[in-house]
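Peer 1: Mind folding the following:
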Amino acid sequence: MVLSMLTGLSLGLTLPRTPAVTLPRSRSSLIACAEQTKQQLDADAQALLDEANGDAMMARANYIGYTLAYLEDAEPELYAALKSDPSREDCHAALVEITWDAIAAFLPVTHNPVPTPAAQKKLAAIARAGCDGVSPTPSTLDIGCGNGLLLPFLAACGAPAAKYRGIDVSGRMISVAKAALDRKAAAEPIYAGARFDELNLKDLLQEAEQAEGGLTFDAIFFNAALQFFRPSEALAAAAQLLAPGPDSRLVLSHLQGAAFVRQEREESPTTVLSAMPSLAELEAMAGPLGLQVALPSFFGSEAGEIEKAMDDFYLVILRWDADHGGVDGETGLPAGAEEM
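Peer 2: From the prediction side, this is the model:
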């Protein structure tokens with residue numbers, strides 16, 4: 001097992017810091033927590049947790065080690081590239097998938113399924129940022145949806161679950177999200193019809209190109225996800241999926257704020273590709289896409305206080321901007337562009 005852990009470390013793969021972790025403080029209480037959640041872990045995760053004597057962090061690391069060992073045999077070229085060029089697109093995608101699969105495998109042990117009151121308040125603000133002033137029944141896309149944390153808050157804002165789609169590259173996270181959705185829908189029919197898919201943004205764009213009648217969304221969310229992309233590329237891709245109309249928007253957010261992500265990037269540079277964009281960077285990226293930067297009023301009005309607030313809770317809306325090259329409202333193309 002030590003060998004498998006060293007395999008992971010030799011790639012420089014460090015687990016990103018995950019928010020809202022509620023690990024018990026002592027080793028004995030950690031083992032007790034593991035005992036209480038045995039039925040919620042699958043057999044492989046439970047075996048790794050038992051092998052690690054209830055230490056979920058050790059079990060995560062071992063999970064990664066075993067996965068990389070399997071990858072070395074199954075896809076030797078990709079495995080070699082992970083060490084020589086981890087920034088290569090397919091390598092980075094594999095690292096993110098492995099990392100979040102490992103985190104998802106042990107969520108019943110490491111995370112409280114109910115967000116803290118402070119987190120709930122922020123999640124509600126994120127949902128409102130995407131839904132307020134949009135269609136009464138907006139269609140929503142949750143990129144990097146994880147375990148589907150945002151869905152209940154969108155539903156509370158009136159966004160129909162049947163018009164919600166969450167995508168993530170982690171198959172295990174999607175499995176967790178689907179299981180949670182099944183439980184929610186059984187208890188509350190308003191959640192019926194929500195969709196979670198193991199899919200990356202590039203593949204979703206290809207799906208949209210092939211979809212009869214197109215595929216667009218009124219509000220697109222990057223909640224605790226943008227740092228795993230190159231922001232300019234991700235925002236340009238997401239803008240192509242925005243429904244034409246003056247109320248369409250992208251919502252960029254992180255519950256723990258920009259300061260958290262900066263530290264996350266320092267600790268996990270192979271998986272975390274970027275920090276959260278500054279206001280100046282956002283303006284530079286949004287303009288060419290026909291989008292306008294908007295901020296919640298509770299951040300204040302001065303640039304300094306806004307940046308400070310964003311260090312603690314990052315929330316930015318990029319809204320359709322007809323006056324500066326935004327979608328024309330009819331074809332879904334930037335003003336002046338020609339249809340193919």
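Peer 1: Just the mean pLDDT for stretch 270-289, thanks.
Peer 2: With pLDDT averaged residue by residue, stretch 270-289 scores 95.
Peer 1: And that stretch, what's buried?
Peer 2: Within stretch 270-289, the residues that qualify as buried are Thr270, Thr271, Val272, Leu273, Ser274, Ala275, Met276, Pro277, Leu282, Met285, Ala286, Leu289, counting by 16 or more other C-beta atoms under 10 Å. In this view, the C-beta of every residue, glycine as well, is placed from N, C-alpha and C.
Peer 1: Next: stretch 284-304.
Peer 2: Under the neighbour-count criterion of 16+ other C-beta under 10 Å, stretch 284-304 has Met285, Ala286, Leu289, Gly290, Leu291, Gln292, Val293, Leu295, Pro296, Phe299 buried.
Peer 1: do stretch 122-135 as well
Peer 2: Across stretch 122-135, burial judged by 16+ other C-beta under 10 Å covers Lys122, Leu123, Ala124, Ala125, Ile126, Ala127, Arg128, Ala129, Gly130, Cys131, Val134, Ser135.
Peer 1: follow-up on the earlier one: which of the buried residues of stretch 270-289 fall within strands?
Peer 2: Among those, no member falls in strands (DSSP state E).
Peer 1: Out of the residues you listed, the closest to Gln40 would be?
Peer 2: Nearest to Gln40 among the buried residues of stretch 270-289 is Thr271, at 25.6 Å by C-beta to C-beta.
Peer 1: what about that closest one, distance to Asp55?
Peer 2: Distance of Thr271 to Asp55, given as C-beta to C-beta, to the nearest Å: 22 Å.
Peer 1: for stretch 98-116, how far is the first residue from the last?
Peer 2: 27 Å (C-alpha to C-alpha, to the nearest Å).
Peer 1: One more: stretch 308-321?
Peer 2: 26 Å.
Peer 1: Quick one: mean pLDDT for it?
Peer 2: 94.
Peer 1: Can you show me the helices along the stretch 151-300 of the chain?
Peer 2: 151-156, 171-187, 201-210, 231-239, 257-267, 279-286 (DSSP state H, counting those that start in this stretch).
Peer 1: Outline the domain layout of the protein.
Peer 2: If you go by automatic domain parsing, the domain ranges for the chain are 2-110, 117-324.
Peer 1: most packed of those?
Peer 2: Burial of those is given as mean neighbour count (mean count of other C-beta atoms under 10 Å); domain 117-324 ranks first at a mean of 19.
Peer 1: Next, report how far that domain is displaced from the centre of its chain.
Peer 2: Relative to the centre of its chain, domain 117-324 is centred 8 Å away, using C-alpha atoms, centre = their mean, to the nearest Å.
Peer 1: With stretch 45-65 instead?
Peer 2: Worked out by C-alpha atoms, centre = their mean, stretch 45-65 lies 24 Å from the chain centre.
Peer 1: same question, stretch 69-76
Peer 2: In terms of C-alpha atoms, centre = their mean, the centre of stretch 69-76 is set 27 Å apart from its chain centre.
Peer 1: Quick check: the residue nearest the centre of the chain vs Gln256, distance?
Peer 2: What sits nearest the mean C-alpha location of the chain, by C-alpha atoms, centre = their mean, is Gly144, with 2.7 Å. Note on Gly144: its distance to Gln256, by C-beta to C-beta, is 15 Å.
Peer 1: With Ala69 instead?
Peer 2: Distance of Ala69 to Gln256, given as C-beta to C-beta: 32 Å.
Peer 1: now swap in Ala129 and tell me
Peer 2: Applying C-beta to C-beta, the value for Ala129 to Gln256 is 17 Å.
Peer 1: other SSEs contacting the host helix or strand of Asp90?
Peer 2: Element membership of Asp90, judged by DSSP states H and E, is helix 89-105. With contacts defined as 3 or more C-beta pairs under 8 Å, 6 or more residues apart in numbering; DSSP states H and E, the packing partners of helix 89-105 are helix 43-51, helix 56-74, helix 76-84, helix 171-187.
Peer 1: Tell me who's in contact with Cys131.
Peer 2: Neighbouring residues of Cys131 by C-beta atoms under 8 Å, 6 or more residues apart in numbering: Pro138, Thr140, Leu154, Cys157, Gly158, Ala159, Ala219.
Peer 1: Next: Val96.
Peer 2: So Val96 contacts Val169, Ser170, Phe228, Thr271 (C-beta under 8 Å, 6+ apart).
Peer 1: which of the residues you listed lies closest to Ala94?
Peer 2: Val169 (9.0 Å).
Peer 1: Let me know the average pLDDT across stretch 241-249.
Peer 2: For stretch 241-249, the mean pLDDT works out to 90.
Peer 1: Tabulate the CA atom coordinates of that stretch in CSV.
Peer 2: This file holds the C-alpha atoms of stretch 241-249, laid out as CSV (Å, rounded to 0.1, in the frame of the first residue of the first chain):
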residue,chain,number,x,y,z
LEU,A,241,-24.6,27.5,-24.7
LEU,A,242,-26.4,30.6,-23.5
ALA,A,243,-29.9,31.0,-24.7
PRO,A,244,-30.4,34.2,-26.8
GLY,A,245,-32.0,36.9,-24.8
PRO,A,246,-31.3,39.9,-22.5
ASP,A,247,-31.6,37.9,-19.3
SER,A,248,-29.2,35.0,-20.1
ARG,A,249,-26.2,34.8,-17.9
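Peer 1: circling back to that earlier point, from the buried residues of stretch 284-304, which two are the most distant?
Peer 2: The distance between the two most remote of those (C-beta to C-beta) is 23.6 Å, for Gly290 and Phe299.
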